[in-house]
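K.L.:
Sequence and predicted structure, then a few things I'm wondering about:
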Amino acid sequence: SAGTTSFIARLDVGGAEAETDGANWAASTENIFPTSNFEKTARVSPDGRTLLFRSQRQLSAYPSEGISEFYRYRAGDPGPTCVSCNPTGEAPGSQRGLGDVFPSVLVPTNPSPSLSHNLSADGDRVFFESTDPLVEADTNGALKCPFTGSALQSYPSCLDVYEWEAQGSGTCDAAHAVAQGGCLYLLSSGKGTEPALIADASAEGKDLFFYTREQLVGQDEDQLLDVYDARENGGLASQNEPPAPVCEGEGCKPGSTPFEGIQSPPKVSGPGNPKNKGPPCKKPKHEVKGRCVAKHHKGKKHHKKHKANAKGRQAR
């Protein structure tokens, strides 16, 4: 910078192609490794001020124990900062990655590289994969972490996607920053039995695309491999049902059930049961309370008058 060369860090060129730090600085990997399916583990911001690289050499106070970690160096800093180290200080269990999936279209012939945007353009965001639980929400590797996938490409089932963000950038402040001057965020669920694999990110780092078979939204109802976008302030309401309303105060008490008491039998309407009805009464009798009785005239005077009239007619 400005005609001055500054020393950043000493690297380790030992180990296999998945461990060595040497391949990042070669113009071409041809004649270095027998295959081209290695992960190029260094990125530089467009302005050239920020460098992201992986090294199996311990470059900070964190005891990496020979496991590769990702380091970020900003021009003018006294040294590199570890962005993938476990903030609890627990030793790492496996390597970190910038994107372990290798679609054939992303492996062009040398020397044309195809690099994902694991380092944002401003150098303040870094995206990587890890099987270690770097935050409390990551619990899928607590018991076992078997490999899953095909014979050509298999991955640890507890592999998750993380974001490191520099303090003072985005939502990372001093209250949430972990050791190494930044904040760690879990972008995949950290609870599923399927790995999450980085595909790419937007240049500004506001979108991180990753593969997984895990169902992360309600609209995803199959076990097929899908591409998800972990977007800043993102989310589609149509992909998830709205949460149930929170019950508070008196509204949480169950309503009382009114006492119905003993109900009288319902009234029967209609002709009734014809089988229980007797034959009709023969005239001049009529039915009274279920019995056939003779008709009576109204009062004694009416009966005597009727009898006198009858005798008068006979005398004439």
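P.N.:
Yep, that arrived.
K.L.:
which one is residue 58 nearest to, not counting chain neighbours?
P.N.:
residue 64 (4.7 Å; Cβ to Cβ, 6 or more residues apart in numbering). Quick note: C-beta positions are derived from backbone N, CA and C, even for glycine.
K.L.:
same deal with residue 193?
P.N.:
residue 157 (5.3 Å).
K.L.:
surely residue 239 meets residue 219?
P.N.:
Yes. Taking Cβ atoms under 8 Å as the definition, residue 239 is a contact partner of residue 219 at 4.2 Å.
K.L.:
Would you agree residue 194 is in contact with residue 147?
P.N.:
No. The pair residue 194 / residue 147 is not scored as a contact, 11.7 Å apart, by Cβ under 8 Å.
K.L.:
Now the common contact residues for the two.
P.N.:
residue 157 (Cβ atoms under 8 Å, 6 or more residues apart in numbering).
K.L.:
The two: who's more crowded?
P.N.:
Neighbour count, other Cβ atoms under 10 Å: between residue 194 and residue 147, residue 194 has more, with 21 against 10.
K.L.:
quick one, what contacts that one?
P.N.:
148, 157, 212, 213, 214 are the contacts of residue 194 under Cβ under 8 Å, 6+ apart.
K.L.:
how close does it sit to residue 226?
P.N.:
10 Å (Cβ to Cβ, to the nearest Å).
K.L.:
and if you look at residue 57?
P.N.:
From residue 57 across to residue 226, the span is 37 Å (Cβ to Cβ).
K.L.:
residue ranges of the strands in the chain, please?
P.N.:
Using DSSP state E, the strands of the chain run over 42-44, 50-55, 69-74, 81-82, 125-130, 147-149, 154-156, 160-166, 182-186, 197-201, 207-212, 226-231, 286-288, 291-293.
K.L.:
Nearest to residue 97, out of those?
P.N.:
strand 125-130 (4.3 Å; Cβ to Cβ).
K.L.:
Tell me which other helices or strands that closest one touches.
P.N.:
strand 69-74, strand 160-166, strand 197-201 (3 or more Cβ pairs under 8 Å, 6 or more residues apart in numbering; DSSP states H and E).
K.L.:
ok, so what distance separates residue 49 from residue 55?
P.N.:
20 Å.
K.L.:
the more surrounded of the two?
P.N.:
residue 55 (23 against 14).
K.L.:
The residue nearest to residue 193 contacts residue 145, correct?
P.N.:
Yes. Residue 157 is within contact range of residue 145, at 5.7 Å (criterion: Cβ under 8 Å).
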